[in-house]
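Visitor: build me a structure from this.
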Amino acid sequence: MYFGGRPGFGASASIMAISSSQDQSRVVRLAAMARTVTKIDRYLTVVINFGSSVCDVVIVGRLGDRSCQPGDQDCYEYPICDRNSHVGDRERQMSMDSEQSWRPPMVTTFKGVPLPEAGVLAGYSALIDRYDIAIPLPSALYAIGTRRNPKSSDAWQLLTSRQSVPQNLGDHLEFALKNEGVNLLALKVVFSKVPKTALESWISKTPGGANTRRVWFLYEWLSDKTLDVPPVPKIRAVPVIDRAKQFGLEGGDRSARHSVIDNLPGTKDFCPLVRRTPKLDVFEERGFDQLAREVVGRTHPDVIARAAAFLVLKDSKSSFFIESERPTHKLAARWARAISEAGLHALTIEELVRLQGLVLADARFVRHGLREKGGFVGVHDRINREPLPEHISARWDDLNSLMRGLVAYSNRAKVNKVDAVTTAAAIAFGFVYIHPFEDGNGRIHRWLFVSGVPTPRFGAARAVA
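Guide: Residues are numbered from 1 along each chain as shown. Modelled structure (predicted):
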């Protein structure tokens, strides 16, 4: 059972299930002396004024207040309900999340990922815990430490105990965007679990806040639903993606309703967001595009041409070798030509299907084009022939929208000057993860990386790819 203090309550309290016959004053004293939150049951949350006959009521006052009486201004009634009661209906609890304070638990391990030291969940980790969300965890999680200088790790960023702990839905959303950036999957699932009225109430209080406007825009962008909130006045627009934290477009379309710049690199169908790290920043600062132009500029064109031809042929042979195939000279030459032309034509689904035809010369045994059935990467059991997948491909009925999104991401990112190498990596990984074809995905994914790097920023230095 999880208990969180309301506004005005000096500290959260540790509450235990009690029977109606227990002395309430004793419970008040226990609560007043408590200094941490205890989460006894992850599936049951205290609901204020639930009004069920199966609930007991605990009167809790401010920390240190030993004379709290029912009806006092600073005293609150909390029903403590049986696990089997209808309090399992979380809708009523969620509808109050924008108003009601809830303090996440202090933990040493979260979803199997140990913290370097005890901390209170904050941001996405708190939202994932609060709404019991089953999604891949963010690569970096946040918590509030118990010391002024807490330890952090690769998986956890612990902030100083001087940092105030977010107290409600809005606080955690704002904390997440401020410190962690945009996680579209986590936000979409949270938005699906939280009633519109909770978000409308929070946004209406501070509609001009930068992160409030970002959350507002992202809710309507992800859900195709409109919140009952009037457009903000004319104020300076903020980008949806903080480019100091994640790779986003340099420009973008302005949404007058939210006063934000939509600099998301993709669309709702496909929008990978790459988190900036010190290593990526170092690589970007090295200016490989400028270095490539300098090398090409001081090298004889014949040398560049011979080097490019050698690298293209080697890449072509390696692609078939990885697939355990021995192509004919004609097939290897055709694929080498395709590699040499990478980046010269706009990326489309039709272009990808054409490339598949170059890879798979014989269409009698493998259907060309987008899959029309399920797929996986792996082997079959030798005895019962059951599939043993290492990777399950995207559902075939989602392929059209996913591939349209991938193409749109490629065009948006290249035109709006997202880092070329980062864009190429995202497109290539996205393609092979989707696995849209029955065969030929691996070789085309390598072609996509070469295709993605030669943007206008690299100019004549395409051979470097």
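
Visitor: right, and the helix or strand after the longest helix along the chain?
Guide: If you go by DSSP state H, the chain has its longest helix at helix 301-322. Using DSSP states H and E, the helix or strand that follows helix 301-322 in sequence is helix 329-340.

Visitor: between helix 329-340 and the longest helix of the chain, find me the angle.
Guide: On the basis of axes from the mean of the first three to the mean of the last three C-alpha atoms, to 10 degrees, helix 301-322 is oriented at 120 degrees to helix 329-340.

Visitor: assumed G119 was part of a strand.
Guide: Yes - counting by DSSP: H, G, I helix; E, B strand; the rest coil, G119 is part of a strand.

Visitor: once you drop chain neighbours, what's closest to it?
Guide: Sequence neighbours aside, A143 is the residue nearest to G119 in space, at 3.3 Å (criterion: C-beta to C-beta, 6 or more residues apart in numbering). Glycine gets a C-beta too; all of them are placed from N, C-alpha and C.

Visitor: how many neighbours does that neighbour have?
Guide: 28 (other C-beta atoms under 10 Å).

Visitor: are we agreed that it is in a helix?
Guide: No - using three-state DSSP, the secondary structure at A143 is strand, not a helix.

Visitor: flag the shaky bits of the protein, pLDDT-wise.
Guide: For the chain, applying pLDDT under 70 flags the ranges 1-100, 312, 316, 340, 342-343, 361-364, 452-465.

Visitor: before we move on, back to that, and the residue nearest to G119, what are its bridge partners?
Guide: L121, L158 (DSSP bridges).

Visitor: quick revisit: helices or strands next to the longest helix of the chain in the packing?
Guide: helix 329-340, helix 441-452 (3 or more C-beta pairs under 8 Å, 6 or more residues apart in numbering; DSSP states H and E).

Visitor: how distant is it from the center of its chain?
Guide: Its chain's C-alpha centre and that of helix 301-322 lie 37 Å apart, by C-alpha atoms, centre = their mean, to the nearest Å.

Visitor: next, the angle helix 441-452 makes with that helix.
Guide: Here helix 301-322 points in a direction 160 degrees away from that of helix 441-452 (the same axes, to 10 degrees).

Visitor: residues contacting helix 301-322, please?
Guide: Defining contact as C-beta atoms under 8 Å, 6 or more residues apart in numbering, one finds that helix 301-322 is touched by 296, 326-327, 331-333, 335-336, 339-340, 442-443, 446, 450, 462-463.

Visitor: how does it look with 7 Å?
Guide: V296, P327, A332, W335, A336, I339, S340, G442, R443, R446, A463 (C-beta atoms under 7 Å, 6 or more residues apart in numbering).

Visitor: what of stretch 113-123?
Guide: Counting by C-beta under 7 Å, 6+ apart, stretch 113-123 makes contact with 104-110, 129, 137, 141-146, 150-153, 155-156, 158, 165-166, 172, 175-176, 179-180, all of which sit outside it.

Visitor: in PyMOL, select just the buried ones from these.
Guide: Selecting only the buried entries of those in PyMOL, with 16 or more other C-beta atoms under 10 Å as the criterion:
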select buried, resi 104+105+106+107+110+129+137+141+142+143+144+145+150+152+156+158+165+166+172+175+176+179+180
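
Visitor: mind checking which of the contacts of stretch 113-123 are in helices?
Guide: D129, H172, F175, A176, N179.

Visitor: how many degrees apart are the one helix or strand G405 maps to and helix 441-452 in direction?
Guide: Taking DSSP H and E as the criterion, G405 maps to helix 399-415. If you take the same axes, to 10 degrees, helix 399-415 sits at 20 degrees to helix 441-452.

Visitor: all helices for the stretch 251-400 of the chain, in order.
Guide: 278-285, 288-297, 301-322, 329-340, 349-359, 399-415 (DSSP state H, counting those that start in this stretch).

Visitor: quick one: neighbours of L218, just the number.
Guide: Neighbours around L218, by other C-beta under 10 Å: 22.

Visitor: nearest residue to it other than its sequence neighbours?
Guide: Nearest non-adjacent residue to L218, counting by C-beta to C-beta, 6+ apart: L187, 5.7 Å away.

Visitor: and the gap between the one you found and K414?
Guide: 26 Å (C-beta to C-beta, to the nearest Å).

Visitor: give the contact list for the closest residue in space to V274 that isn't next to it in sequence.
Guide: The shortest distance from V274 to any non-neighbouring residue, by C-beta to C-beta, 6+ apart, is to F247 (4.6 Å). Applying C-beta under 7 Å, 6+ apart, we find F247 in contact with P265, V274, R276, V418, D419, T422.

Visitor: excluding covalently adjacent residues, which one is nearest to the first one?
Guide: So that's P265. A413 (4.9 Å).

Visitor: what is the burial count for the one you found?
Guide: Counted with other C-beta under 10 Å, A413 comes out at 25.

Visitor: ok, now the one 3 residues further on?
Guide: The number of residues packed near N416 is 15, by other C-beta under 10 Å.

Visitor: remind me which helix or strand the residue nearest to it when sequence neighbours are not counted belongs to.
Guide: By the measure of C-beta to C-beta, 6+ apart, the closest residue to N416 outside its immediate chain neighbours is L249, 3.7 Å from it. For L249, there is no host helix or strand (DSSP H and E).

Visitor: now L249, what are its backbone angles?
Guide: phi -70, psi 150 (degrees, to the nearest 10).

Visitor: and it, how far is that from V432?
Guide: Taking C-beta to C-beta as the measure, L249 falls 24 Å from V432.

Visitor: the two: which has the busier surroundings?
Guide: Between L249 and V432, L249 has the larger neighbour count (other C-beta under 10 Å), namely 22 against 19.

Visitor: centroid-nearest residue for this protein?
Guide: Nearest residue to the geometric centre of the chain (C-alpha atoms, centre = their mean): N183, 2.9 Å.

Visitor: give me the phi and psi for it.
Guide: When read as degrees, to the nearest 10, the backbone of N183 gives phi -120, psi 100.

Visitor: quick check, it in contact with L127.
Guide: No - the pair N183 / L127 is not scored as a contact, 9.4 Å apart, by C-beta atoms under 7 Å.

Visitor: circling back: check contacts around the residue nearest to N416.
Guide: L249 touches N263, P265, R412, N416, V418, counting by C-beta under 7 Å, 6+ apart.

Visitor: might you report the residue contacts of L360?
Guide: Residues near L360 by C-beta under 7 Å, 6+ apart: V366, H368, D439, G440.

Visitor: and G378, how far from P387?
Guide: Distance check for G378 against P387: by C-beta to C-beta, it reads 6 Å.
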